[in-house]
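[1] Okay, structure incoming, though there's no sequence with it:
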């Protein structure tokens, strides 16, 4: 049995559970443990019921889980809702004011003894949690010092006193929770960040210097990270009046030489669709991050889903090439966003990063990204040779025309949303129309040749192949592991690029599996349908989740049982 | 030395007698007069007859989507603060489809110039009411007369204390060229609402109709006086003033963007050392 544990902090919005959770996750990361966070919150600023779950320990963590080993209840509702999920080795951490069923293994925290006032309860809870897993108190002290450094010596000292008191109090309790085994030494120096932070960092690493946006959960934190960290790199940001303006600003900026990003969610992206088509026609590089949440319409604004693959795949009228990435981890978020910028620039067309609320908010401990392994951004064409003869949409073999940036040379850049001639002038010459459409589509061939192949995990010729995309990866891998331990021959095929699809890369995997089951966070099996369209292979067995929660291994295992029965 | 000829002469798809011809002439004259070479200028447009303007002159151009020229122009301007950016589009594009962007541009005050070709009708789609069509005017789409009140772009701009608000008339080309020059020189958002006849679809607001009514604001009008400006901006009937209605020296958006001090984004690379520091902030 893995020494990993699952900690769940529950309470009302405004009680500071995210602060406790983030601090604890960071403490575990700094200690060298693996971390995967799952945040479940309601669309409100105060009240309601929110949870912050941390799966952590010395072994790799792949996905969230239902079982809870340490349940931190900041209110009665948390006890009532989640106590049944406590494992045999589990313990409840609750203030002494809450009603706890008799016989529950529990740390009744005397908050009013440990902390002078409720303001310090979060720090007390952190001390209790850290002590319960036998964490290093010095790491906790450093975290608290960083958090309160700006508030002055007195406030800091008061918080440290509460932290130490809470930490020591746990040691005095009759309490048998097993200490966590030492962390793997190779995990030293890890970072803690969530999927959207990794996307923003990947964008900065690719030279992103412009972001225009209209706030929409769960896409906003990409932008907020870019604005915060981009201060150091000279990033220009503008909050637009709506999503239509946001995407058109990005296109205008791209035309003038910016490396531009927009980030939104389904409803906001729906408003951007005409702009996406414009990007296809003007042949401008722009990266669009779409963080999925359940629809239709407003749906469940703060929950997760994978139901906007079709929206992004078919967004925009007319036909033009695009690439769509679907990261399965924060590492994917970083490297694939970088790749989206690279491809958008080299193929002069919109490229997409399709993530979701679960991954967006999921903190993980990750090894620092390898900046030196990344290619430099493609050089911009500021001064084309023979400026007088420059043509923005010159017909070329690979469909990619030299993209000059206006204002840097005598060359005139004409970007025209009407069908246009090679020098960018409106035309209704139908032969030119065909030549231009063919030129644009030739870029799609290049994109196809550069498709990131899906990752295959497991033995050749498996009895069962789980096919998934995006953030479902971790749960699918964990389900595979469990089944393997039960003696089954199981593999996972994970698509982290969902368009274009190159059947040559994965058809042998589909053909050699005895049984294939698609695992998707939507109610219709969008990737399965796309795979059928592109390869003819029918994936009619599906485990679909659309209740707003992320996949877990148990959900998949239960789903397999239902399929078999 | 830049001359009007540098901006070229092209065959157009506009009707003979359309106000667009004179506006195009005024734009070229204004830009050449400012010593701006075609490659230093980016003209951003939406969709409509007016939006075809940059096709008929030498310049950088971005003809985008209906109503969306202002956001695209804003993006371009923020990406390259050295570029002179003009937006040209009609009343439908600028005030109807792009209405929210117009309001945002007034607030944002980015340094660009909006030349709104205002013929009070939809031309490209053949004669439906536009936001500035006068109340009561009959069209094929509004057979009982346009029921809504006309939008007054200059009064709205003055109310929002836009940096530069002017009204021109295509029949006064020299005067219009002067207004455009002033607008381009203004550091911030500038609006020039340009009255022009639509010879094919607007049989009410004809060249003669405008000619009878427009008068040039003289030195007695103080464009820095909000009250006077609002009074003149609301004057649209028997007499219609043309000239600079209102101006102030609000700092442009760019002044609040420290990143722009480093110059055009196209000249930037990736600072890997900064990235390393940023990564470490997540330790």
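    Okay, I see it. This is a predicted model, so every value here is computed, not measured.
[2] Just say helix, strand or coil for the residue of the stretch 101-250 of chain B at minimum distance from chain A.
    Across the stretch 101-250 of chain B, no residue is closer to chain A than residue B:104, which sits at 3.9 Å (C-beta to the nearest C-beta). Using the backbone N, CA and C atoms, a C-beta is placed for each residue, glycine as well. Per DSSP: H, G, I helix; E, B strand; the rest coil, the secondary structure class of residue B:104 is helix.
[3] who's in contact with it?
    By C-beta atoms under 8 Å, 6 or more residues apart in numbering or on different chains, the contact list for residue B:104 reads A:240-241, A:245, B:70.
[4] let's see it at 6 Å
    residue A:241 (C-beta atoms under 6 Å, 6 or more residues apart in numbering or on different chains).
[5] Could you show which parts of chain A are in contact with chain B?
    A:191, A:193, A:205, A:207, A:209, A:229, A:232-234, A:236, A:241, A:245, A:248-249, A:251-253, A:255-258, A:274, A:278, A:368, A:371, A:380, A:405-407, A:410, A:412-417, A:426 (C-beta under 6 Å from any C-beta of the partner chain).
[6] Could you tell me which residues of chain B lie near chain A?
    B:39, B:42, B:55, B:60-65, B:68, B:71-76, B:78-80, B:83, B:100-101, B:104, B:259, B:262, B:265-266, B:268, B:270-272, B:274-275, B:278-279, B:282-283.
[7] The residues you listed, buried ones only, as a PyMOL selection?
    Buried members of the residues of chain B next to chain A, defined by 16 or more other C-beta atoms under 10 Å in any protein chain shown, are picked up in PyMOL with:
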select buried, chain B and resi 39+42+55+60+61+62+63+64+65+68+71+72+73+74+75+76+78+79+80+83+100+101+104+259+265+266+268+270+274+275+278+279+282
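[8] per-residue confidence for the closest residue to chain B within chain A?
    Residue nearest to chain B within chain A: residue A:257 (2.6 Å; C-beta to the nearest C-beta). In this model, residue A:257 is scored at 98, pLDDT.
[9] next one: residue A:1
    Residue A:1 is given a pLDDT of 65.
[10] According to the record, where do the domains of chain A fall?
    Listed by automatic domain parsing, the domain ranges of chain A are A:5-187, A:192-373, A:387-449, A:455-564.
[11] and among those domains, the most buried is which?
    domain A:192-373 (a mean of 24; mean count of other C-beta atoms under 10 Å in any protein chain shown).
[12] Over to residue A:402. Which of the three states is it?
    Per three-state DSSP, residue A:402 ends up coil.
[13] ok, now which ones touch it?
    Applying C-beta under 6 Å, 6+ apart, the residues near residue A:402 are A:381, A:384.
[14] the helices in the stretch 1-150 of chain A, which residues?
    A:17-30, A:76-82, A:111-114, A:121-132, A:137-148 (DSSP state H, counting those that start in this stretch).
[15] ditto for chain B
    Along chain B, the segments classed as helices by DSSP state H run B:19-33, B:69-79, B:91, B:99-108, B:153-159, B:173-185, B:207-213, B:226-233, B:272-280.
[16] Find the one among the ones you listed with the highest mean neighbour count.
    Greatest burial across the helices of chain B, using mean count of other C-beta under 10 Å, falls to helix B:69-79, with a mean of 31.
[17] could you give the angle of it to helix B:99-108?
    Using axes from the mean of the first three to the mean of the last three C-alpha atoms, to 10 degrees, the direction of helix B:69-79 lies 40 degrees away from that of helix B:99-108.
[18] Grab the nearest non-local neighbour of residue A:136.
    Spatial nearest neighbour of residue A:136, excluding adjacent residues (C-beta to C-beta, 6 or more residues apart in numbering or on different chains): residue A:31 at 6.0 Å.
[19] same question, residue A:64
    Nearest to residue A:64 is residue A:38, by C-beta to C-beta, 6+ apart, at 3.6 Å.
[20] And for residue A:141?
    Going by C-beta to C-beta, 6+ apart, residue A:141 has residue A:160 as its nearest residue, at 6.1 Å.
[21] name the helices or strands packed onto the helix or strand in which that neighbour is found?
    Taking DSSP states H and E as the criterion, residue A:160 maps to helix A:153-171. Judged by 3 or more C-beta pairs under 6 Å, 6 or more residues apart in numbering or on different chains; DSSP states H and E, helix A:153-171 is in contact with helix A:111-114, helix A:121-132, helix A:137-148.
[22] sorry, back to before: so the residue of chain A closest to chain B: helix, strand or coil?
    coil.
[23] There's contact between it and residue A:404 in this structure, I believe.
    No. Taking contacts as C-beta atoms under 6 Å, residue A:257 lies outside contact range of residue A:404: 9.5 Å.
[24] a markdown table for the domains of chain A, including distance to residue B:95?
    As requested, the domains of chain A are arranged in a markdown table below (distance: least, C-beta to C-beta, whole Å):
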| stretch | distance to residue B:95 |
| --- | --- |
| domain A:5-187 | 35 |
| domain A:192-373 | 15 |
| domain A:387-449 | 20 |
| domain A:455-564 | 38 |
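[25] Just checking the distance from stretch A:369-383 to the centre of its chain.
    23 Å (C-alpha atoms, centre = their mean, to the nearest Å).
[26] Confirm residue A:543 sits in a strand?
    Yes. Under three-state DSSP, residue A:543 sits within a strand.
[27] you'd agree residue A:63 is up against residue A:476?
    No. Using C-beta under 6 Å as the test, residue A:63 is too far from residue A:476 to be in contact (8.2 Å).
[28] Straight-line length of stretch B:132-149, end to end?
    Stretch B:132-149 stretches 8 Å from its first residue to its last (C-alpha to C-alpha, to the nearest Å).
[29] Residues touching that stretch, excluding its own?
    Residues from elsewhere that reach stretch B:132-149, judged by C-beta under 6 Å, 6+ apart: B:91, B:118, B:120, B:127-129, B:150-151, B:204.
[30] just the buried members of these?
    The buried subset of those - by 16+ other C-beta under 10 Å - is B:91, B:118, B:120, B:127-129, B:150-151.
[31] min pLDDT across those, which one?
    Confidence-wise, residue B:127 trails the rest of those, at 92.
[32] now that one: how far from residue B:136?
    Residue B:127 is 16 Å from residue B:136, where distance means C-beta to C-beta, to the nearest Å.
[33] Do you know the pLDDT at the nearest residue in space to residue B:237 that is not next to it in sequence?
    Nearest non-adjacent residue to residue B:237, counting by C-beta to C-beta, 6+ apart: residue B:213, 7.6 Å away. In the predicted model, residue B:213 carries a pLDDT score of 98.
[34] and the residue nearest to residue A:180 when sequence neighbours are not counted, backbone torsions?
    Counting by C-beta to C-beta, 6+ apart, residue A:180 lies nearest to residue A:133, which is 4.9 Å off, once chain neighbours are set aside. Dihedral pair for residue A:133: phi -100, psi 10, per degrees, to the nearest 10.
[35] hmm, back to that, Throw the helices and strands packed on helix A:153-171 into CSV and include mean pLDDT and distance to residue A:95, thanks.
    As requested, the helices and strands packed on helix A:153-171 are exported to CSV (pLDDT from 0 to 100; distance: least, C-beta to C-beta, whole Å):
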stretch, mean pLDDT, distance to residue A:95
helix A:111-114, 92, 5
helix A:121-132, 94, 8
helix A:137-148, 95, 20
